[in-house]
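>>> here is my input; please provide its structure:
(chains A and B)
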Amino acid sequence: MITFSHVTKRYPAQTLSGETLRTALAFRRPAQRPPFTALEDVSFHLRAGESLGILGRNGAGKSTLLKLLTRVTRPTAGHIRVHGRMSSLLEVGAGFHHDLSGRENIFLAGAMLGMSPRQVRYRLDDIITFAGLENDMNLPVRTYSSGMFLRLAFSVGVHLDSNILVIDEALAVGDQLFRQRCMERIHHFREQGGTLVLVSHDASQVAATCTRGLVLSRGKLQFDGNIQDALHHYHSQEDI
Amino acid sequence: MTISRHSGGFISTAVSRATLAELWQFRFLVGQLVWRDLTVRYRQTSLGWLWALANPALHLAMYWGVFGIMVRVSPPDYQAPYALVLLSGLVLWMLFAATVQAVSDSLLNNLLLLKKVWFPRIALTLAGAAVGMVDFVLMLILLISLCLLGGQPVRLTALPLLLLCGGLTALTGWGLGSLLAIARLRFRDIRHLFPLLLQALFYASPVVWTPGLLPARWQSLLLNPLAPEIGLFRHILLGGPCPSVASLLAGVAGALLTAVIGYTCFTHYESRAMDHE
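Numbering: from 1, shown residues only, chains lettered A, B, ... in the order given. Below you'll find the model as predicted:
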């Protein structure tokens, strides 16, 4: 269950030279970029088992919404309530260390998602098989191709014992075969009653995976409802 | 084995922060981060893990060369050779300096990660402090071997107290480092000021000197938060004067206070400081 209640996210004013002691102590305020409101008064409620697609153009606030949902940033006003264990995909790779082997990175990334070494070991074979990297597990990750890297990251995230899955444009990862395996995995996850939040520019993908859609524009919630209507709204907005 | 624990969840508002219960849930992350830092440090070197011993040994030898041979001081309050008095102070100082450095670097060095994945941020600072503790234990082993070689008997029962001195020093360093980690995100100037302040604190601490060498009007230097720890450490290892009970209590209180202030400020400002990035 996910509840956003009157959530606003404002980023503080920025100075060009960054924050320094001199600007902090100076009497005259330096030229600033004004505070930037990324999301304004967004409210929605997602029940367990629903799947939500978030639509919007660049700069509409999609990434900010995901960052708030995954707790990476906190709202400036309002509150977010999440019930259940969340796993966000793709960003897992951010925790990889390039000098560690694939296997070692699985344990590190798992720990970043709150898993114990025992839980990771329990899933290890599944993770490796899903990523299709059986022969490369003892090589340092820096020798991986970008596709292999993303596949491994994705595989760790998808195997976490979670009931909320957050995906950000992630399904463009890897070759056709891997993408198909991901879609199967997501359907399996949905059948088990998992909650899904997906951000994608690919309308057909959103239509195929989600039942509900949110349309964001300039930080405001424009539309919330059935995914077909949301897509229609999104496309008509694009024409303007 | 069942690992289904779907009781997770959170409420995020402008003032919410990671709780200690959440830190406990992420305790394995601290272990993994320590292990990562140590492995990455020694992998791809030809000496490998030997560096873990060689590096502090060379460090101690260098300081001993400068202060033990070139700058000869004979402290009136210790019977033991000056070299050992110096090195025992240095081991604690290096623990403190390394802890402050590692902890204060922990946010800046992981910016990319912090913008993508949530976990209790304090785990990063704890991992930094734990790496310093591992180095300290290795240096302690070196120091005790030197004491034994130098004809200075060390009782095995002294070990827990020596580790306690290290623990208190690391706690002080962790608290200070956590404060600096936030300050360094907010004010990049700190990077330039920090080495200077650390150097000043080095000379203000009884590392190369001892309280017995201090002129009467400079006694206020002993209010230094590291002075009681270093005094006790030397007393256990080399004999000589034991710091007064009052100063020991002040040392413990100072370490705890620094840690509490550091932790509170860190959890309070961590998210806001990240918004400026």
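
>>> mind checking the SS state of the closest residue to B:V134 other than its chain neighbours?
Residue nearest to B:V134 in three dimensions, not counting chain neighbours: B:L38, with 6.7 Å by CB to CB, 6 or more residues apart in numbering or on different chains. Every residue, glycine included, has its C-beta placed from N, CA and C. Under DSSP: H, G, I helix; E, B strand; the rest coil, B:L38 falls in the helix class.

>>> burial measure for B:L38, as a count.
The local packing of B:L38 (other CB atoms under 10 Å in any protein chain shown) involves 16 other residues.

>>> same check on the one 3 residues further on?
Residues within reach of B:R41, counting by other CB under 10 Å, total 15.

>>> just checking, what packs against the host helix or strand of it?
B:R41 belongs to helix B:27-42 when assigned by DSSP states H and E. Applying 3 or more CB pairs under 8 Å, 6 or more residues apart in numbering or on different chains; DSSP states H and E, one finds that helix B:27-42 contacts helix A:102-112, helix B:51-63, helix B:122-149.

>>> buried set for that helix?
B:28-38 (16 or more other CB atoms under 10 Å in any protein chain shown).

>>> where exactly do the helices run in chain A?
A:21-25, A:62-69, A:102-112, A:117-131, A:146-158, A:176-191, A:203-209, A:227-239 (DSSP state H).

>>> run through who's touching stretch B:87-94.
Contacts to stretch B:87-94, defined as CB atoms under 8 Å, 6 or more residues apart in numbering or on different chains, come from residues B:56, B:59-60, B:63-64, B:135-136, B:139-140, B:143, B:146, B:165-166, B:169, B:202, B:205-208, B:226, B:229-230, B:233-234, B:237-238.

>>> go again using 7 Å as the cut-off
B:59-60, B:63-64, B:139-140, B:143, B:146, B:165-166, B:169, B:202, B:205-207, B:229-230, B:233-234, B:237-238 (CB atoms under 7 Å, 6 or more residues apart in numbering or on different chains).

>>> before we move on, back to that, out of the buried residues of helix B:27-42, which one sits closest to A:K62?
B:L29 (28.0 Å; CB to CB).

>>> contact partners for the closest one?
A:111-112, B:119, B:123.

>>> from those, which is closest to A:R121?
A:A111 (12.1 Å).

>>> check contacts around that closest one.
B:28-29, B:32.

>>> burial measure for the residue nearest to B:L95 when sequence neighbours are not counted, as a count.
The spatially closest residue to B:L95, leaving aside those adjacent along the chain, is B:F136, at 4.3 Å (CB to CB, 6+ apart). By other CB under 10 Å, the residues close to B:F136 number 26.

>>> likewise for B:S74?
11.

>>> now it: closest residue in space, sequence neighbours ignored.
B:Y82 (6.0 Å).

>>> now do B:L148
Nearest to B:L148 is B:V154, by CB to CB, 6+ apart, at 6.3 Å.

>>> so what does that neighbour look like in phi/psi?
phi -120, psi 120 (degrees, to the nearest 10).

>>> spit out the contact partners of it.
B:144, B:147-148, B:237.

>>> next: B:A250.
Neighbours of B:A250 in contact, by CB under 7 Å, 6+ apart: B:P228.

>>> please report phi then psi for the closest residue to A:A94 other than its chain neighbours.
Among residues not flanking A:A94 along the chain, B:K116 sits closest, at 3.9 Å (CB to CB, 6+ apart). For B:K116, the backbone dihedrals (degrees, to the nearest 10) come out as phi -120, psi -40.

>>> can you tell me how far B:K116 is from A:T70?
9 Å (CB to CB, to the nearest Å).

>>> deepest-packed of the helices of chain A, please.
Mean neighbours per residue, mean count of other CB atoms under 10 Å in any protein chain shown, is largest over the helices of chain A for helix A:102-112, with a mean of 24.

>>> any low-confidence regions in the chain?
This is for chain A. A:15-33, A:90, A:92, A:169-174, A:238-240 (pLDDT under 70).

>>> nope, chain B please
B:1-7.

>>> max-length helix in it?
Criterion DSSP H: the longest helix present in chain B is helix B:245-275.

>>> A:L108: what's it in contact with?
Contacts of A:L108 (CB under 7 Å, 6+ apart): A:95, A:97, A:100, B:32, B:36.

>>> can you list phi and psi of the second one for me?
Main-chain torsions, A:H97, degrees, to the nearest 10: phi -110, psi 130.

>>> distance of the closest residue to it other than its chain neighbours from A:S217?
In space, A:H97 comes closest to B:R36 once its chain neighbours are excluded; the distance is 5.7 Å by CB to CB, 6+ apart. Distance, B:R36 to A:S217, using CB to CB: 42 Å.

>>> same question for B:P120.
34 Å.

>>> if you count surrounding residues, which of those two has more?
B:P120 (24 against 17).

>>> circling back to that earlier point, can you pull the buried residues of the longest helix of chain B?
So, applying 16+ other CB under 10 Å, buried residues of helix B:245-275: B:247-248, B:250-251, B:254-255, B:258-259, B:262-263, B:265-267, B:269-271, B:273-274.

>>> before we move on, back to that, switch the buried residues of helix B:27-42 over to CSV; also include distance to A:A77.
Formatted as CSV, the buried residues of helix B:27-42 follow (distance: CB to CB, whole Å):
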residue, distance to A:A77
B:F28, 34
B:L29, 30
B:V30, 33
B:G31, 37
B:Q32, 35
B:L33, 33
B:V34, 38
B:W35, 40
B:R36, 37
B:D37, 38
B:L38, 43
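
>>> which one among these gets closest to B:S12?
Out of the buried residues of helix B:27-42, the member with the shortest distance to B:S12 (by CB to CB) is B:L29, at 19.7 Å.

>>> pretty sure the residue nearest to A:H97 sits against A:H98.
No. Between B:R36 and A:H98 there is no contact under CB atoms under 7 Å: 11.3 Å.

>>> so what's B:V207 up against?
B:89-90, B:93, B:230.

>>> now A:N163: phi and psi?
phi -120, psi 10.

>>> can you tell me the number of residues neighbouring the closest residue to it other than its chain neighbours?
Of all residues not flanking A:N163 in the chain, A:G84 sits nearest, at 4.5 Å (CB to CB, 6+ apart). Neighbour count for A:G84, taken as other CB under 10 Å: 17.

>>> residue contacts, A:G84?
Contacts of A:G84 (CB under 7 Å, 6+ apart): A:1, A:48, A:163-164, A:195, B:6, B:8-9.

>>> what of B:L126?
So B:L126 contacts B:V30 (CB under 7 Å, 6+ apart).

>>> and if we set it to 8 Å?
B:30, B:174.

>>> where's it relative to B:A227, distance?
Taken as CB to CB, the span from B:L126 to B:A227 is 26 Å.
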